[in-house]
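**Student:** need coordinates for the below:
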Amino acid sequence: MLPKETQVLIVGAGPAGLAAAIALVKQGVQDIVVVDAVLEGQNSSRAIAIHAATLEALDTIGCANAIVEKGTKGKGLLIKTEQTSFLALDTSVLSLYTRFAYVLLLPQTITESILHDKLAALGIHVHRPYRVAGLKGSDMHFGLDVTMESGEIINAQRVVGADGHLSVIRQLAGISYGDIDDHPVPDKIVSLVLADVVFSPGDPAIPTDYMTNSLSPVGMFLTLPLPSISDSDGQLIHRIVFNVPASSGAPPSCPSTEYIQEQINKQGPRHLSSDATVNKTPIHIVKTVWSSRYKTKSAIADHFVTHISGAQGGGIVVLIGDAAHSHSPLGGQGMNLGLRDAISLAPVLLQGPAPVEDWARIRRLRALTTIRMTKQIGALSNLFLSKNPIASWLTFWLFRIMIGIPLVKRQMAWNLSGLGNR
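**Tutor:** Below you'll find the model as predicted:
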């Protein structure tokens, strides 16, 4: 049963919502209620990469060490073709700026579990399942009255919407949400399939400390090592990501093992093919732990904070995470921006309108920077996959030459790390 009132109501118990609650407790705020629409935590993997700037933010709320202990420290990104390969991202160049000079690879489910346990240890528990149905300025009290589908009403001075890209809080607050431009997503990368799979036999050609993007005339195939994560049978799990062009039709919502294997044989690296005519030592997917499709898109809220009037003064609504912004998973920025939103919000949330407005303005600029970066990565990926073999070849070799320049290499690692866009 929910309490009747609270200082801060956080709607959504994903990474952003949990981190916001932990950060608020660290600021001395104890009067917090966290609600989530599902009975149990989301059991899908989803986001996987945690960058240096996000680990630094998590370190300020005492969560970084526990998360790092569970993850894999990715040293960078290799780009491969059947003929050659090169190091496209080298995170070691970040060691001058941060102690987290790597990309931490960890399924979101584990990140959420660590944050959930940390919050519980601080005395705050998530109320489930509570789905918001109404939001208005209170007629009887200062703040906002939030109505749940159960009929329960909780009065809150501040409401933090951390309820994802379909945010009910954002919709009830009347905040618009859309792309920053009208540019269509390139056909080649309009859809992506993400899956956590078990290969048999294990393939030594898959690096255990680098992400690998294998390019072919048909598409791109990304493998991410998760050697610290095993399924119930003790077998190693790998995250794979590949594109599905619009011309091939939309992939299934939860792609099957058979579908994924077919796509690997079609556009994946030869050493992962199950076709004996292509690979002398065929590799098969023996288990799909989790799979999903992703339609490449971006969106941002018109503003991240709004005041809702009421008879006693009303209150404010603040958006963080996917409720405020969403973008392509290319570049591995998913979840990172939302965690940094959440942790940076805590010191200002209860200070008054001006500091929160300043926070919202800065965070929206940070989100725009990230969205533009992921769009640039998408455009570059599309050039790599050009139907024109000359254009594709030129893109590959020009990029390879450019990334060999120390300044360019350092700038790429800096941009992806988030250290310049905290």
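
**Student:** what segments of the protein are helices?
**Tutor:** For the chain, applying DSSP state H gives helices covering 15-26, 52-60, 64-70, 108-121, 168-172, 257-267, 336-345, 353-384, 389-403, 406-417.

**Student:** now render the ones you listed as TSV, adding distance to Ser274.
**Tutor:** Quick note: C-beta positions are derived from backbone N, CA and C, even for glycine. Output for the helices of the chain, formatted as TSV (distance: least, C-beta to C-beta, whole Å):
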stretch	distance to Ser274
helix 15-26	35
helix 52-60	36
helix 64-70	31
helix 108-121	28
helix 168-172	43
helix 257-267	6
helix 336-345	34
helix 353-384	25
helix 389-403	26
helix 406-417	32
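
**Student:** name the nearest residue to Gln30, ignoring sequence neighbours.
**Tutor:** Closest residue to Gln30 apart from its sequence neighbours, by C-beta to C-beta, 6 or more residues apart in numbering: Gly123 at 7.3 Å.

**Student:** hmm, back to that, quick one: closest of the helices of the chain to Thr98.
**Tutor:** Of all the helices of the chain, it is helix 52-60 that lies closest to Thr98, at 4.6 Å by C-beta to C-beta.

**Student:** what angle separates the closest one from helix 108-121?
**Tutor:** 20 degrees (axes from the mean of the first three to the mean of the last three C-alpha atoms, to 10 degrees).

**Student:** output the helices of the chain in a markdown table, with mean neighbour count appended to each entry.
**Tutor:** Output for the helices of the chain, formatted as a markdown table (neighbours: other C-beta atoms under 10 Å):
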| stretch | mean neighbour count |
| --- | --- |
| helix 15-26 | 27 |
| helix 52-60 | 23 |
| helix 64-70 | 16 |
| helix 108-121 | 19 |
| helix 168-172 | 21 |
| helix 257-267 | 18 |
| helix 336-345 | 27 |
| helix 353-384 | 17 |
| helix 389-403 | 14 |
| helix 406-417 | 17 |
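
**Student:** tally of neighbours for Ser200?
**Tutor:** 12 (other C-beta atoms under 10 Å).

**Student:** report the beta-bridge partner residues of it.
**Tutor:** His284 (DSSP bridges).

**Student:** next, the contact list for it, please.
**Tutor:** Contact analysis of Ser200 by C-beta atoms under 8 Å, 6 or more residues apart in numbering lists 235, 283-286.

**Student:** can you flag the buried ones in the residues you listed?
**Tutor:** Using 16 or more other C-beta atoms under 10 Å as the burial test, the contacts of Ser200 include 283-285 as buried.

**Student:** just those now: which is nearest Gln7?
**Tutor:** Nearest to Gln7 among the buried ones among the contacts of Ser200, with distances taken as C-beta to C-beta, is Ile285, at 48.9 Å.

**Student:** dump stretch 40-59 to CSV, restricted to CA.
**Tutor:** C-alpha atoms of stretch 40-59 as CSV (Å, rounded to 0.1, in the frame of the first residue of the first chain):
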residue,chain,number,x,y,z
GLU,A,40,9.1,-7.8,-10.9
GLY,A,41,12.2,-6.2,-12.4
GLN,A,42,12.6,-6.3,-16.2
ASN,A,43,14.3,-9.6,-17.1
SER,A,44,15.6,-8.7,-20.5
SER,A,45,19.2,-7.7,-21.1
ARG,A,46,18.8,-4.5,-23.2
ALA,A,47,21.6,-2.0,-22.6
ILE,A,48,25.0,-3.4,-22.1
ALA,A,49,27.8,-0.8,-22.3
ILE,A,50,28.7,1.5,-19.5
HIS,A,51,31.1,4.3,-20.3
ALA,A,52,33.7,6.1,-18.3
ALA,A,53,31.6,9.2,-17.5
THR,A,54,28.8,7.1,-16.3
LEU,A,55,31.1,5.0,-14.1
GLU,A,56,32.4,8.2,-12.6
ALA,A,57,28.9,9.4,-11.8
LEU,A,58,28.0,6.0,-10.3
ASP,A,59,31.2,6.3,-8.2
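
**Student:** and the helices of the chain: which comes nearest Ala299?
**Tutor:** The nearest among these, by C-beta to C-beta, is helix 353-384 at 8.4 Å.

**Student:** off-centre distance for the closest one?
**Tutor:** 13 Å (C-alpha atoms, centre = their mean, to the nearest Å).

**Student:** in the worst-scoring helix or strand of the chain on mean pLDDT, what's buried?
**Tutor:** Scoring the helices and strands of the chain by mean pLDDT, DSSP states H and E places strand 220-230 at the bottom, with a mean of 81. Neighbour counts over strand 220-230 (16+ other C-beta under 10 Å) mark 220-226, 228-229 as buried.

**Student:** can you lay out those residues as a markdown table showing distance to Leu416?
**Tutor:** Output for the buried residues of strand 220-230, formatted as a markdown table (distance: C-beta to C-beta, whole Å):
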| residue | distance to Leu416 |
| --- | --- |
| Met220 | 17 |
| Phe221 | 20 |
| Leu222 | 14 |
| Thr223 | 18 |
| Leu224 | 14 |
| Pro225 | 17 |
| Leu226 | 19 |
| Ser228 | 22 |
| Ile229 | 22 |
